[in-house]
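**Q** curious how this folds, go ahead:
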Amino acid sequence: MGLEDIKDQAIEKFAQLKEQLAENPHVNTLKEKYETLPAQTQKILTIAGAVLVVLVLVYIPYSYISSSSDNITKFNNNRSLIRQMFKYGQVPKSRNALPTTSNSGSIVSQVRSSVSRFDLLPNQIVTIEELPLEKTGKALAKKPILQTAIKAKFRQLNLKQVVDIGYHFKQFRNHIKLIGTEVKEDGEKPQYFNVEYRLVSYAYPVKKEKIDKSSKKKKKKRKRGKRG
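**A** Numbering: from 1, shown residues only. Prediction:
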């Protein structure tokens, strides 16, 4: 909203107020009493009224500017928060840092158990479940590394909880990385947020070694022969 718009609104409101006062019988009674007062008293009241009008005219644009400033500050804070949290994790370089199995049920259980430290209410935890990999966007690791995506969704978190849980997921496990965060203001509570954290777990595949049945039979026959 520009200064010209604020000025026009202030003038319009002042005109409406003036019209309402002119139609008010109590105001007309006060006006009649004012006219009967001494000139010195009328002058003092006129100055006081002018000061009051100036204060009202100053307050109207100030309230709009103050409201706009608060909204800008709130927007910048939320944008800064999202930028800090929306960072992609990197796959550890060390092979020993990754597990050799990728069980989605186990990962979900680990994430759910770790969240208990934040003492959230039951209705604040919407869901913690496996997420299809195609919904995470571009893959962060190449084959043969296995990837399992997890979605942890919460509602009505305060700003501190949003940051604390995001930082917790970022440092959670070497092989589980926070790859995305979606923050939306809650419709019921404007000062609270609905947040969805996306995590990906990485693992190395284990190749099953083929067992040669014929060699096993030969070994058993040798053992039997020795016993005989």
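**Q** what is the neighbour count of residue 4?
**A** Each residue near residue 4 was counted by other Cβ atoms under 10 Å, and the total is 8. Where you see a C-beta, it was placed from the backbone N, CA and C, and this is true even at glycine.
**Q** renumber starting at 16 from here on
**A** Sure, I'll start counting at 16 from here, so that last one is residue 19.
**Q** within the helices and strands, which one has it?
**A** helix 18-38 (DSSP states H and E).
**Q** what is that helix packed up against?
**A** helix 54-100 (3 or more Cβ pairs under 8 Å, 6 or more residues apart in numbering; DSSP states H and E).
**Q** ok, now how distant is the spatially most central residue of the chain from residue 176?
**A** Centre of the chain computed as the mean C-alpha position; nearest residue by Cα atoms, centre = their mean is residue 198, 2.9 Å away. Counting by Cβ to Cβ, to the nearest Å, the gap from residue 198 to residue 176 is 11 Å.
**Q** kindly report the same for residue 148.
**A** Distance of residue 148 to residue 176, given as Cβ to Cβ: 28 Å.
**Q** and these two? which has more neighbours close in?
**A** It is residue 176, of residue 148 and residue 176, that has more neighbours when counted by other Cβ under 10 Å, with 18 against 12.
**Q** element containing the more buried one?
**A** Here residue 176 is covered by helix 174-185, with elements defined by DSSP H and E.
**Q** show me which residues of the following helix or strand past that helix are buried.
**A** Reading on from helix 174-185 to the C-terminus, the next helix or strand found by DSSP H and E is strand 191-200. Across strand 191-200, burial judged by 16 or more other Cβ atoms under 10 Å covers 191, 192, 193, 194, 195, 196, 198.
**Q** could you do stretch 175-193 as well?
**A** By neighbour count on 16+ other Cβ under 10 Å, the buried set for stretch 175-193 is 176-177, 180-181, 183-185, 187-188, 190-193.
**Q** now render those as TSV, adding pLDDT and distance to residue 121.
**A** Formatted as TSV, the buried residues of stretch 175-193 follow (pLDDT from 0 to 100; distance: Cβ to Cβ, whole Å):
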residue	pLDDT	distance to residue 121
176	94	25
177	94	26
180	94	20
181	93	22
183	93	18
184	92	17
185	89	20
187	85	14
188	85	11
190	84	12
191	87	11
192	88	16
193	90	18
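**Q** quick one on the thing from earlier: between the buried residues of strand 191-200, which is closest to residue 30?
**A** Within the set of the buried residues of strand 191-200, residue 198 lies nearest residue 30; the separation is 43.4 Å, counting by Cβ to Cβ.
**Q** may I have the phi/psi pair for the closest residue to residue 135 other than its chain neighbours?
**A** Beyond its immediate neighbours in the sequence, the residue positioned closest to residue 135 (Cβ to Cβ, 6 or more residues apart in numbering) is residue 169, lying 7.1 Å away. Backbone torsions of residue 169, given as degrees, to the nearest 10, read phi -130, psi 160.
**Q** what is the neighbour count of residue 169?
**A** A count of nearby residues for residue 169, using other Cβ under 10 Å, gives 22.
**Q** on that earlier part again, farthest pair within the buried residues of stretch 175-193?
**A** Between any two of those, the greatest separation by Cβ to Cβ is 25.0 Å, found for 176 and 190.
**Q** mind listing what's buried in the helix holding residue 19?
**A** Under the neighbour-count criterion of 16+ other Cβ under 10 Å, helix 18-38 has 21, 25 buried.
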